[in-house]
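**Student:** Provide a 3D model corresponding to the input given below.
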Amino acid sequence: MVGGETVSRCPEELFPLIFDSVNEGVFTVDEDFRITSFNVAAERITGVPREQAVGRRCHEVFKADICQVGCALRETLDTGEPRRDVRVEVLDSKMEPVPLRVSTAVLRDRDGALVGGVEIFRDVSDLEALRTELEGRRRFRDIIGQSAVMRELFSLIPQVAAAAVPVLVLGPSGTGKELVARAVHELSPRNGREFVRVNCGALPDTLLESELFGYAAGAFTGAIRDKPGRFQQADGGTLFLDEIGDVSPTFQVKLLRALEEGEVTPLGDTRTRNVDVRLISATNRDLGAMVRDGTFREDLYYRIRVVPIELPPLEERRDDIPLLVDHFLETLATRAGRPVPKLSGETMRLLYDYDYPGNVRELRNILERAIVLSRTDTIETRCLPPEVVGIPRSKTREPDEVRELRDVLADHGWNRGKTAEALGIGRTTLWRRMKALGLA
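**Tutor:** Coordinates of the predicted model:
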């Protein structure tokens, strides 16, 4: 009211008020992806003030995991098609990851000409924290599983992490040995320092020595300055030696000396460097057999194997397959900016019966391929590779009663309520039957 008269505002004058009143973050860009507007919620979620955001390219402000590959806003501007509810992760002003759900659309002027784009996003940290809490019994950090052997692993990792002793992670390729090593580091008192990974199987002795111990200027052609090795980089933190079974007997002597004395001598130098590292090693080889045949030093074996952690192949923990499938489908579909697909019952059965020589890594690759090939929101058997479809279901692997109940569970996505309804029994009866048959 001004002088007793109502003053109305035109819609254009209301736009800034509306823009800043919504709870979702909103920003707009021009055709060069420079931010042209940035609302209050966007400031709050990202921690970046409006005056610092406007005029900069959006990837400089958000630092999202899809900025360089798979940017939803770029795809919208390229195709003219909006994107809905794409899961991304950005870094806020403190360089902390923030999970978001974003939607995008194009902006056009009155004549229909493209002038830029708009992105609306919301912080889903609380939702993901709740989800993590609910899934806590089925996952530990990035390790997924609900089988007895995985639950035992989840109990063991915190105990091992608290002790400053060498750990040897054993298991076939593709079982997730590095995930276990990272979990041990992240739960240890050293988690504020670096986790340094070296693939011992990828380097010959001379390169492995310079990689681990470093080198002095002039040590070889091209060594123009001193370069610290990975032992020094991991000082105070954790050194993860992957594929340690591939280290030659000659280099094993040098490695053992460094571990026992807590010091390294860079290549071409005479001075030693004291280092304090937590060693975690991993291999898919049988080091015990290698010790017996003389290809791996017994003293080094016992030095690195104070606490062994063994990961089983995926075929020995088949009850984890449905959970892994759900996890990978969501992760891969979100990364591709697609709705999370479902699996047909037969597809799930084939995935369950397959033997997975490549273990968890192979399952992930199979599902990534299936998402690419699927034309609908349901993945059918045609999307699976021939080696999966071509292997007949085993009729002798388990008793008929177990297999039949497992098939019904697979048909209903392992949802106990729907399975019980399909069988015409109560949930409690189904649970007792699953327990009796070893399916729970």
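
**Student:** doesn't Q159 make contact with L187?
**Tutor:** No: with contact defined as C-beta atoms under 8 Å, L187 does not reach Q159; the gap is 9.5 Å. Where you see a C-beta, it was placed from the backbone N, CA and C, and this is true even at glycine.

**Student:** Which of the two has more residues huddled nearby?
**Tutor:** Neighbour totals were compared for L187 and Q159, and L187 leads with 17 against 10 (other C-beta atoms under 10 Å).

**Student:** my read is D326 is in a helix, agree?
**Tutor:** Yes: counting by DSSP: H, G, I helix; E, B strand; the rest coil, D326 is located in a helix.

**Student:** And for the residue nearest to R138 when sequence neighbours are not counted, the neighbour number?
**Tutor:** Ranked by C-beta to C-beta, 6 or more residues apart in numbering and with sequence neighbours excluded, the top spatial neighbour of R138 is Q146, at 4.6 Å. Residues contacting Q146 under the criterion other C-beta under 10 Å number 18.

**Student:** what do you get for N39?
**Tutor:** Residues lying near N39 (other C-beta under 10 Å) number 22.

**Student:** Quickly note the distance from it to I143.
**Tutor:** 39 Å (C-beta to C-beta, to the nearest Å).

**Student:** mind checking how far stretch 325-338 is from the chain centre?
**Tutor:** Distance of stretch 325-338 from the chain centroid (C-alpha atoms, centre = their mean, to the nearest Å) equals 11 Å.

**Student:** Also stretch 148-168?
**Tutor:** Per C-alpha atoms, centre = their mean, the centroid offset for stretch 148-168 relative to its chain is 20 Å.

**Student:** Would you map the helices across the stretch 301-440 of the chain?
**Tutor:** 321-336, 345-353, 359-373, 386-389, 400-411, 416-423, 427-436 (DSSP state H, counting those that start in this stretch).

**Student:** so can I have CSV of those showing mean neighbour count?
**Tutor:** Shown next, in CSV, are the helices of the stretch 301-440 of the chain (neighbours: other C-beta atoms under 10 Å):
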stretch, mean neighbour count
helix 321-336, 18
helix 345-353, 19
helix 359-373, 19
helix 386-389, 14
helix 400-411, 16
helix 416-423, 15
helix 427-436, 14
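
**Student:** With respect to R122, which of those lies nearest?
**Tutor:** Evaluated over these, closeness to R122 peaks at helix 321-336, with 14.9 Å, by C-beta to C-beta.

**Student:** roughly how far is that closest one from the heart of the chain?
**Tutor:** Here helix 321-336 is found 11 Å from its chain centre; the criterion is C-alpha atoms, centre = their mean.

**Student:** Where does the prediction get shaky in the stretch 301-440 of the chain?
**Tutor:** Residues of the stretch 301-440 of the chain that meet the criterion pLDDT under 70 lie in 391-400, 413, 435-436, 438, 440.

**Student:** where's L439 relative to A41, distance?
**Tutor:** Note on L439: its distance to A41, by C-beta to C-beta, is 46 Å.
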